[in-house]
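S.K.: Below are the sequence and a predicted model for it; my questions follow.
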Amino acid sequence: MFLLNNDYGELGLTMYFLQGRELVDMSTVLLPPRLFASNRDTLPCATQQYESIEDVIHRVDEVQPDIFFLFSGYILPNHELLSLDAMAGLVELLFERNIKVVTSDPFFGIFSRMGPANINGPESLRLFETDLIPGYTWEYRINATLGNLHILEQFAIASHILKDTVHLYYCCPDPQDEPFEGSEHNAWFFNPSLISGEKDGSTDPGTTPLHANGAGAPERPHWLFILGSVDYELQTQLFSEAEFLDILERQVHETLGQGRRCIFIAPNECVQKLRGRIPVSARKDLLNFCAYEKFTSLLLDAEYVFYWNLASYSTFLRVINRSPMFMFDGGHLVRHVKPMAARMGHAYYQNWTPPFLDPYEPLDNNVLAELAREYREDTHRIVRNLEALPLPEQVIDDLLA
């Protein structure tokens, strides 16, 4: 049983674990109303909606799972879906019933096993970048510090609740890197079913590729731009909103000018402001929301994908399929949580960095094609290392042993 928050990244991680495996028929995914409304009939596994801790416990009584996945226990309370007290009670209940409890950790071990005693010193606050936006006032920085203290308190309590749970990662630990905190409780996996067999015919026998054909794909090659709400807010602070919208408008026109469809997934506010700046024929490709199945199809069919967030979960699918992607910015987590870039660089990208583009420079297909060639060479090593990790079924067997 998987309990998800409102973050599409955790839905993506669930599918990374289940997609194309026999496990999908043995699993139930509990979704909050927002995700349930758009994904209830499209996911390959059983889905149920929850709105309260009572709903979750009822589903546990009903299904009686062997393993319970919190995706993610660190941020469920921040999404105001379950309180910290409710999550603590749930974990205790699961342990009493001898149900193995697993959590994802979107911070790659930075806050795991922190404990309430670790939040008071200045070294904890140094995890955060409080002068994120140049030129902001001291009042802003003080408020940011107070906000960071609140976040640390939440993470410290969550870390204490989750201290005896297994932490699951879909990355490859660097043998030369220091192990994650509490590494004896960590588990890693790789699912080869996520690699599309149409690229090189290497899909494992008996598995179903995540995206086996181009059904429903756009007639022309398309470039996909993915901009989350937090990163849109960040970019409109780093630039002015008007300047950032000018950049986006130019990028749409440059994409169209090179014979590509420009598909843009961005917050509704951004979509509405961009709509009047681009040709009418291109407006249908401005999307403010996308169900998981459609999003994945657009992602894997895209010739190129452009991000403003190095930590976006969907970059994983592009990397393992050796499908080129480009970054305009590291994004809110990399900019705000100081150790994040180094930790991701080691554990997620394996000491490699995706190509970054200057947002002021024009998008030129010849330049992008050369970067894409280098990208495919670089990502070959990453996939080879990931393939040495346990399969999802092996992780389940180890958890139950």
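M.R.: Sure thing, it's come through. Numbering: from 1, shown residues only.
S.K.: Quick check, central residue of this structure?
M.R.: Tyr313 (2.4 Å; C-alpha atoms, centre = their mean).
S.K.: list the contacts for that one?
M.R.: By C-beta atoms under 8 Å, 6 or more residues apart in numbering, the residues touching Tyr313 are Tyr8, Gly9, Glu10, Gly12, Leu13. In this view, the C-beta of every residue, glycine as well, is placed from N, C-alpha and C.
S.K.: Just after the helix or strand of the chain with the lowest mean pLDDT, pick out the following helix or strand.
M.R.: Lowest by mean pLDDT, DSSP states H and E among the helices and strands of the chain is helix 197-200, with a mean of 46. Later in the chain than helix 197-200, the nearest helix or strand by DSSP states H and E is strand 222-226.
S.K.: list the helices and strands that next one packs on?
M.R.: Counting contacts by 3 or more C-beta pairs under 8 Å, 6 or more residues apart in numbering; DSSP states H and E, strand 222-226 is packed against helix 241-257, strand 261-265, helix 292-301, strand 304-307.
S.K.: 10 Å - rerun?
M.R.: helix 241-257, strand 261-265, helix 292-301, strand 304-307, strand 325-327 (3 or more C-beta pairs under 10 Å, 6 or more residues apart in numbering; DSSP states H and E).
S.K.: okay, the ones you listed in JSON lines with distance to Leu35 and mean neighbour count next?
M.R.: Shown next, in JSON lines, are these (distance: least, C-beta to C-beta, whole Å; neighbours: other C-beta atoms under 10 Å):
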{"stretch": "helix 241-257", "distance to Leu35": "27", "mean neighbour count": "17"}
{"stretch": "strand 261-265", "distance to Leu35": "16", "mean neighbour count": "22"}
{"stretch": "helix 292-301", "distance to Leu35": "8", "mean neighbour count": "20"}
{"stretch": "strand 304-307", "distance to Leu35": "21", "mean neighbour count": "23"}
{"stretch": "strand 325-327", "distance to Leu35": "24", "mean neighbour count": "21"}
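S.K.: about what we covered before: the contacts of Tyr313 in helices, which ones?
M.R.: Tyr8, Gly9, Glu10, Gly12, Leu13 (DSSP state H).
S.K.: Tell me the secondary structure at the closest residue to the second one other than its chain neighbours.
M.R.: Closest residue in space to Gly9, ignoring its immediate chain neighbours: Tyr313 at 3.6 Å, by C-beta to C-beta, 6 or more residues apart in numbering. The three-state label for Tyr313, taken from DSSP: H, G, I helix; E, B strand; the rest coil, comes out as coil.
S.K.: hang on, the earlier thing: need the helices and strands packed on strand 222-226 in CSV (columns: mean pLDDT and distance to Tyr348).
M.R.: Output for the helices and strands packed on strand 222-226, formatted as CSV (pLDDT from 0 to 100; distance: least, C-beta to C-beta, whole Å):
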stretch, mean pLDDT, distance to Tyr348
helix 241-257, 97, 26
strand 261-265, 97, 22
helix 292-301, 95, 17
strand 304-307, 98, 14
strand 325-327, 98, 13
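S.K.: Mind checking the ones you listed for the one nearest to Lys273?
M.R.: Lys273 lies closest to helix 241-257 among these, at 5.8 Å (C-beta to C-beta).
S.K.: any idea how far Ser104 is from the residue nearest to Gly9?
M.R.: 10 Å (C-beta to C-beta, to the nearest Å).
S.K.: Need the overlap of contacts for the two.
M.R.: When contacts are counted by C-beta atoms under 10 Å, 6 or more residues apart in numbering, Tyr313 and Ser104 have Asp7, Gly9, Glu10, Leu13, Tyr170 as shared neighbours.
S.K.: thinking again about what came up before, of all the helices and strands packed on strand 222-226, which lies closest to Gln48?
M.R.: Of all those, helix 292-301 sits nearest to Gln48, with 16.0 Å by C-beta to C-beta.
S.K.: Understood, closing this out.
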